[in-house]
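Participant: Provided below are the primary sequence and the corresponding predicted coordinates.
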Amino acid sequence: MTLLTKPSHPGEVLVELYLEPLGMSAITLARRLDVPRTRIERLVKGETALSVDTAMRLAKFFGTTAEFWINLQRAHDLAQARANVDLSRITPLAVAAK
């Protein structure tokens, strides 16, 4: 049996791995990143997706990479799509026999 885990939203990772251990609020982070407070507040609540701009700012601030943050968002989006997108009416293209 394979155990599949649901990928975390980037905002959840931001809170659990960075903000809580540092005792930092979303508002403080927003100020440090020079973005509107609502951008970070909505991100940590999982109400909005992580933008490339925010990924770059988080990477610079926390010493990570933008790819780290973007890959979190990509994995979350793909998991959501797999759970919600109906592909049942699509017939795969048959490979031409040679």
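Facilitator: Yep, it's here.
Participant: Tell me which stretches of the chain form helices.
Facilitator: 10-13, 20-22, 26-33, 37-44, 52-62, 66-84 (DSSP state H).
Participant: And the pLDDT for the residue nearest the centre of the chain?
Facilitator: Centroid-nearest residue in the chain: Q73, 2.5 Å away (criterion: CA atoms, centre = their mean). Per-residue confidence (pLDDT) for Q73: 98.
Participant: so it makes contact with T48?
Facilitator: No. With contact defined as CB atoms under 8 Å, Q73 does not count as touching T48 (10.3 Å). Where you see a C-beta, it was placed from the backbone N, CA and C, and this is true even at glycine.
Participant: Quickly list what's touching both of the two.
Facilitator: Counting by CB atoms under 8 Å, 6 or more residues apart in numbering, Q73 and T48 have no contacts in common.
Participant: how about low-confidence regions in the protein?
Facilitator: 1-4, 96-98 (pLDDT under 70).
Participant: Now do the same contact list for the residue nearest to the centre of the chain.
Facilitator: Per CB under 8 Å, 6+ apart, neighbours of Q73: 10, 49-50, 55.
Participant: deepest of the helices of the chain, which one?
Facilitator: Most buried of these, by mean neighbour count (mean count of other CB atoms under 10 Å): helix 10-13, with a mean of 22.
Participant: Does anything pack onto that one? Which helices or strands?
Facilitator: helix 37-44, helix 66-84 (3 or more CB pairs under 8 Å, 6 or more residues apart in numbering; DSSP states H and E).
Participant: Distance to K60 added to the ones you listed, as JSON lines?
Facilitator: Below are the helices and strands packed on helix 10-13 laid out as JSON lines (distance: least, CB to CB, whole Å):
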{"stretch": "helix 37-44", "distance to K60": "15"}
{"stretch": "helix 66-84", "distance to K60": "9"}
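Participant: All set now, cheers.
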